[in-house]
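> model the following, please.
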Amino acid sequence: MNLKQNIEEIVNKHLPDESHFIVDIQVIEKGNKPQVKILIDADSGLSIDSCAKVSRSVGEEIEAKNLMPEAYVLEVSSPGLDYPLASRRQYAKNVGRKLRVTLLEGKEIEGELMAVEQTEIKLKIKVKEKGKKAAEQEISVPLDQIKKSIVLVSFK
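Numbering: from 1, shown residues only. Next up, the predicted model:
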C-alpha cells in the first residue's frame, strides 16, 4: 500500500458519518515541505468544523504511524465550485444546477443537470435550429465519456 492509499484509508476512518466522502487526495512532494491535500464533501453540505475534526484526527494518525517522518503541510477542505465533479455522489448533489460538460472527444455541452443514473447523467440543453426559437431537449451523457464537468455559478 502506498502513502496515498494509507492516507485515504485513514481519512475514510475519520469521516464524521456516511454522508461525508472523499473527493480527492494529493501528496505533493515538491518544495521544502511535502503537502497532503485532502478534499472532502458531504451530501448535505460540509461544515468547517467537519474539516477541522478530520484534519486533527488524520494528522494525529499520520504522526502516530510515522507515515511522514519529516515536517509536512496538511490541508483538509471542500473542493469548491470550480473543482471538476468526479463521482456520482458529486453529480447527485448538484442536480438542478447548470453544468459545463467536456466530453472525451473534446465537445462541450452546457445544460441543467436533471438526473444521475448508474452509468449516465441526464442534461436539459437548449437546441437552436436556424430560423426557429431555441427548444429544450433532454439528453443522456454516459459518465465514462465525460472528461470534465464544472458547475456553472448563476447570480440571477
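> C-alpha from now on. contacts and neighbour counts both.
OK.
> quick one: the strands in the protein?
20-28, 35-42, 73-77, 98-103, 108-116, 120-127, 135-142, 146-152 (DSSP state E).
> turn those strands into CSV, columns for distance to residue 2.
Formatted as CSV, these follow (distance: least, CA to CA, whole Å):
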stretch, distance to residue 2
strand 20-28, 11
strand 35-42, 14
strand 73-77, 17
strand 98-103, 31
strand 108-116, 32
strand 120-127, 31
strand 135-142, 31
strand 146-152, 26
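> which helix runs longest in the chain?
The longest helix of the chain (DSSP state H) is helix 48-64.
> output the contacting helices and strands for the helix or strand bottoming out on mean pLDDT in the chain.
Confidence across the helices and strands of the chain bottoms out at helix 88-93, with a mean of 92, counting by mean pLDDT, DSSP states H and E. Helix 88-93 is packed against strand 108-116, with contacts defined by 3 or more CA pairs under 8 Å, 6 or more residues apart in numbering; DSSP states H and E.
> can you give me the angle the strand it packs on makes with strand 135-142?
80 degrees (axes from the mean of the first three to the mean of the last three CA atoms, to 10 degrees).
> low-confidence regions, this protein specifically.
In the predicted model, the chain carries pLDDT under 70 at residues 156.
> domains of it?
Taking the TED database as the domain assignment, the ranges for the chain are 3-77, 88-151.
> can I get these in CSV with mean neighbour count?
Output for the domains of the chain, formatted as CSV (neighbours: other CA atoms under 10 Å):
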stretch, mean neighbour count
domain 3-77, 15
domain 88-151, 16
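> any idea what residue 152 is bridged to?
Judged by DSSP bridges, the bridge partners of residue 152 are residue 98.
> what comes into contact with the longest helix of the chain?
Contacts to helix 48-64, defined as CA atoms under 8 Å, 6 or more residues apart in numbering, come from residues 7, 10-11, 14-16, 40, 68-69, 74-78.
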